[in-house]
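Peer 1: Below are the sequence and a predicted model; questions follow.
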Amino acid sequence: MRTRALIALAAAAVLLAAVALSLAVGAGDIPLHTVWDALVHYDPSDPLQGNVRVLRVSRTVIGVVAGAALAVAGALMQTLTRNPFADPGLLGINAGASLAVVVGLATGVATGFAAQVPLAFVGAGVAAVLVYAIGARGAAAGAPVRLALAGVALASLISSITYAVLMLDDATLDQYRMWVAGSLTGRDLANVMPLIPIVLVAITVALVASRQLAAVALGEDAARALGVNIGLIRTVTIVLVTLLAASATAAAGPIIFVGLAVPHLARALVGASLPWMLAVSALGGAALVLVCDVIGRVVAPPGEIGVGITTAFVGGIIFAVLARRMKVVEL
Amino acid sequence: MRILRIGPLGIATHRRTFAVGLIMLGALAALLTFSLVQGQADVPILDALKAAVGIPVGAPTDFIVGQVRAPRALTAVLVGAMLGLSGAILQSLTRNPLASPDFIGISMGAGTGAVLTIWLIGATSLWVTAAGAMAGALLTAALIFAIAWKHGLVPLRLILAGIGIGFVANAATQYAITRMDVHDAGNALGWLVGSVTGRTWDHVAVAAAVLAVLAPLVLWNARALRTMEMGDDAARALGIPVGSARGVLALCSVLVAATAVAVTGPIGFIALVSPAIALRVTRNAGVTLIPSALMGALLLLAADQVAQQMPANLQLPVGIFTAAVGAPYLMWLVWRASRGGQS
């Protein structure tokens, strides 16, 4: 218990460091004391300070929200499906959210951000149910690979449809770009604000329900013996995954592998305790997205590359290494 | 069972496989002719065939058929065949119907190689781009292999490592695109869409040359491939040099897929579905290389025809049509496997 609390504290410290890094480092050179001034005693007449407050603070907040949401969504999916390769990005749930929004935009249904977010929820929900139905059944041999491939198939189908819609409607392609590529800079902070309570509530519910979910993960018989309502917990979990993945996609576009890699690291640190694993995942996911974003800011001067690209690069390697570490029996 | 002999190459084939192969060849010829004749301006069959092989018949037809339709259709045929062949080899080697170069990282690695070549050397010649794609695919394959190798090679681990490395390769491609100059980036992006539009005789030449070298090598090892499906020990007992045969076949599969990617950009799902459909129509027990290649050619040519027939406001690259058919098939495969308890 005490070690776990210490690990959670350490994760919080890492997140704080990542936040500091994200505020201090950028493609443009802003002296550290200017950053400090912008945060502590803001002087609106200094354009550099304005830059920090408008750009760096907002992308940091968006990164924290998206990272925490994705990591918890991934942890929930991995527990529910008992599949180490579950990830809302890899399995096409984020892509589903993007597609729904892009279709909504192309048909003129979704004009403002307020109308786009519910569409993102619908798209993510449909994709989540679909991929769960196709690939998550049974714990037979090969199940992890099957789920991963089902997700890759679904994601590639969804993204080619999204792509088709965008190709046919290229006048507005630029405006929708944010929904098809992961980036922390495409959104106004004011638009993302309403998503923060959704993410917080969803993470809280996940923490509260984590004991029952852990029981379901033990197997249906064990869960029933412990008096858990299996159907309810499964439904709640899928709803939570949908809410979290769709919020993250609405805030930052589709980002892959954060939900895959972070829960594995968290599990390695705190062991099988689901509540602690979820908490450490939330902190670690936020930190990972911020660090990946900072890497994307400095790696391609004078431009930047989106956080979706850096997380895919880092996460792809982690995924491959995980595949190597798996025992043959588990495959 | 009958034996087809062409010089030193002997291909044992079932009567039904042979007949189905002939039918597919006929269908391919018909579809090819149709794609030369049909279009915004219809051309008489004889004129179209003459113009396609370079016999002058008159100004507009010479250009429309000789320089636009014929290279486009032949590119589709050759690339489709390459994808079908590559997928068939890979699925047989991994003993898994879900394996295909476009999902296990090979095509992504080829794309990275091609884009890096365009970035560093420039889009000077298709041969250079193709060489870059091959180098990228080989490096990626070696990396996937190294990651998946642990006390022997488990096909499922190979597939998973490939999925991961595929994402890494894609990220590298996108990074390169943000770094290159606008003109090259436009070229690279257009190519990454995956399309046979605007392909020239150069593209046909590259695809035909690589296929001419590698296809005989693959067919030479076809018996080994088929025997290895029964298991390594059985194959060894029957005198198959398992290690070297597998190496050669894997190399050919990677190079063929890389060339296909270099010529048309990544076109998904043909490599996945062609071998499966070929198995179904020939009712063969094991891998069928030539029917898989023919099926790939037919599918890509047909998909391109569908793409061309769409109304002007729905003009989309062919990869979107192949995905629309292939992705549901893959999901069905996964769903069925989850009922049967096997992947």
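Peer 2: Yes, it's here.
Peer 1: State the distance from residue B:185 to residue B:123.
Peer 2: Relative to residue B:123, residue B:185 is positioned 11 Å away (C-beta to C-beta, to the nearest Å). C-beta here means a position set from N, CA and C on the backbone, and glycine is covered the same way.
Peer 1: What segments of chain B are strands?
Peer 2: In chain B, the segments counted as strands under DSSP state E are B:2-6, B:9-13.
Peer 1: Where among these is average confidence lowest?
Peer 2: Ranked by mean pLDDT, those end with strand B:9-13 at the bottom, a mean of 55.
Peer 1: Show the low-confidence segments of chain A, by residue range.
Peer 2: Chain A contains residues with pLDDT under 70 at A:1, A:27, A:110, A:135-145, A:169-180, A:327-331.
Peer 1: Nearest the middle, which residue of it would you pick?
Peer 2: Centroid-nearest residue in chain A: residue A:70, 2.2 Å away (criterion: C-alpha atoms, centre = their mean).
Peer 1: Chain neighbours aside, what residue packs nearest to the residue in the stretch 151-300 of chain A that chain B sits nearest to?
Peer 2: Using C-beta to the nearest C-beta, the closest approach of the stretch 151-300 of chain A to chain B is made by residue A:157 at 3.3 Å. Nearest non-adjacent residue to residue A:157, counting by C-beta to C-beta, 6 or more residues apart in numbering or on different chains: residue B:327, 3.3 Å away.
Peer 1: One more: residue A:321?
Peer 2: Closest residue to residue A:321 apart from its sequence neighbours, by C-beta to C-beta, 6+ apart: residue B:147 at 7.1 Å.
Peer 1: same deal with residue A:306?
Peer 2: Nearest non-adjacent residue to residue A:306, counting by C-beta to C-beta, 6+ apart: residue A:183, 3.9 Å away.
Peer 1: now residue A:133
Peer 2: Closest to residue A:133 by C-beta to C-beta, 6+ apart is residue B:335, at 7.9 Å.
Peer 1: Counting neighbours, what do you get for the one you found?
Peer 2: Residues contacting residue B:335 under the criterion other C-beta atoms under 10 Å in any protein chain shown number 15.
Peer 1: Do me a favour and get the backbone dihedrals for the residue lying farthest from the centre of chain A.
Peer 2: The C-alpha centroid of chain A is most remote from residue A:45, which lies 36.1 Å away (C-alpha atoms, centre = their mean). The phi/psi pair for residue A:45 (degrees, to the nearest 10) reads phi -80, psi -20.
Peer 1: what secondary structure does the residue of the stretch 151-300 of chain A closest to chain B sit in?
Peer 2: Using DSSP: H, G, I helix; E, B strand; the rest coil, the structure places residue A:157 in helix.
Peer 1: Could you count how many residues lie near it?
Peer 2: Neighbours of residue A:157 using other C-beta under 10 Å come to 23.
Peer 1: which residues touch it?
Peer 2: Listed by C-beta atoms under 8 Å, 6 or more residues apart in numbering or on different chains, the contact partners of residue A:157 are A:92, B:323, B:324, B:327, B:328, B:331.
Peer 1: Neighbour-wise, which one of the residues you listed leads?
Peer 2: residue A:92 (30 neighbours).
Peer 1: How about residue B:198, nearest residue that isn't a chain neighbour?
Peer 2: Residue B:198's closest residue in space is residue B:72 (C-beta to C-beta, 6+ apart), at 7.6 Å.
Peer 1: who touches that neighbour in this structure?
Peer 2: B:35, B:196, B:197, B:198, B:199, B:304.
Peer 1: Please report how far the fourth one lies from residue B:45.
Peer 2: According to C-beta to C-beta, residue B:198 stands 24 Å off from residue B:45.
Peer 1: mind listing the helices for the stretch 201-331 of chain A?
Peer 2: Using DSSP state H, counting those that start in this stretch, the helices of the stretch 201-331 of chain A run over residues A:220-225, A:230-252, A:258-270, A:274-298, A:307-325.
Peer 1: so which of those gets nearest residue A:36?
Peer 2: Residue A:36 lies closest, by C-beta to C-beta, to one member of the helices of the stretch 201-331 of chain A: helix A:274-298, at 17.6 Å.
Peer 1: what angle separates that closest one from helix A:258-270?
Peer 2: Here helix A:274-298 runs at an angle of 130 degrees relative to helix A:258-270 (axes from the mean of the first three to the mean of the last three C-alpha atoms, to 10 degrees).
Peer 1: Run the chain-centre distance for helix A:274-298.
Peer 2: 9 Å (C-alpha atoms, centre = their mean, to the nearest Å).
Peer 1: by how many degrees do that helix and helix A:307-325 diverge?
Peer 2: 130 degrees.
Peer 1: buried sites along helix A:274-298?
Peer 2: For helix A:274-298, the neighbour count (16 or more other C-beta atoms under 10 Å in any protein chain shown) marks A:274-297 as buried.
Peer 1: Pull the contacting residues for the nearest residue to residue B:308 once chain neighbours are set aside.
Peer 2: Nearest residue to residue B:308, sequence neighbours excluded (C-beta to C-beta, 6+ apart): residue B:39, at 7.1 Å. Contacts of residue B:39 were listed using C-beta under 8 Å, 6+ apart, and they are B:64, B:69, B:308.
Peer 1: what about the first one, distance to residue B:190?
Peer 2: The reference is to residue B:64. Computed as C-beta to C-beta, the residue B:64 to residue B:190 distance reads 22 Å.
Peer 1: now the last one
Peer 2: Distance of residue B:308 to residue B:190, given as C-beta to C-beta: 18 Å.
Peer 1: Equivalent analysis for the second one, please.
Peer 2: Using C-beta to C-beta, one gets 20 Å for the distance from residue B:69 to residue B:190.
Peer 1: Which one of those two is surrounded by more residues?
Peer 2: Legend: neighbour count by other C-beta under 10 Å for residue B:69 and residue B:190, higher for residue B:69 (23 against 13).
Peer 1: and that one, what pLDDT?
Peer 2: On pLDDT, residue B:69 comes in at 91.
Peer 1: In this model residue A:134 seems to touch the residue nearest to residue A:133, though I could be wrong.
Peer 2: Yes. The criterion here is C-beta atoms under 8 Å, and residue B:335 meets it with residue A:134 at 4.9 Å.
Peer 1: so what sits against both of those two?
Peer 2: With C-beta under 8 Å, 6+ apart, residue B:335 and residue A:134 have common neighbours residue A:150.
Peer 1: Run through the residues that contact residue A:191.
Peer 2: Contacts of residue A:191 (C-beta under 8 Å, 6+ apart): residue A:113.
Peer 1: let's go with 10 Å and repeat that
Peer 2: Residues near residue A:191 by C-beta atoms under 10 Å, 6 or more residues apart in numbering or on different chains: A:58, A:62, A:112, A:113, A:114, A:116, A:117, A:250, A:251.
Peer 1: among those, which are in helices?
Peer 2: The members of these that map onto helices under DSSP state H are A:58, A:62, A:113, A:114, A:116, A:117, A:250, A:251.
Peer 1: mind putting these in TSV, neighbour count and distance to residue A:168 included?
Peer 2: Below are these laid out as TSV (neighbours: other C-beta atoms under 10 Å in any protein chain shown; distance: C-beta to C-beta, whole Å):
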residue	neighbour count	distance to residue A:168
A:58	18	32
A:62	28	29
A:113	17	23
A:114	10	25
A:116	22	19
A:117	23	24
A:250	30	23
A:251	29	27
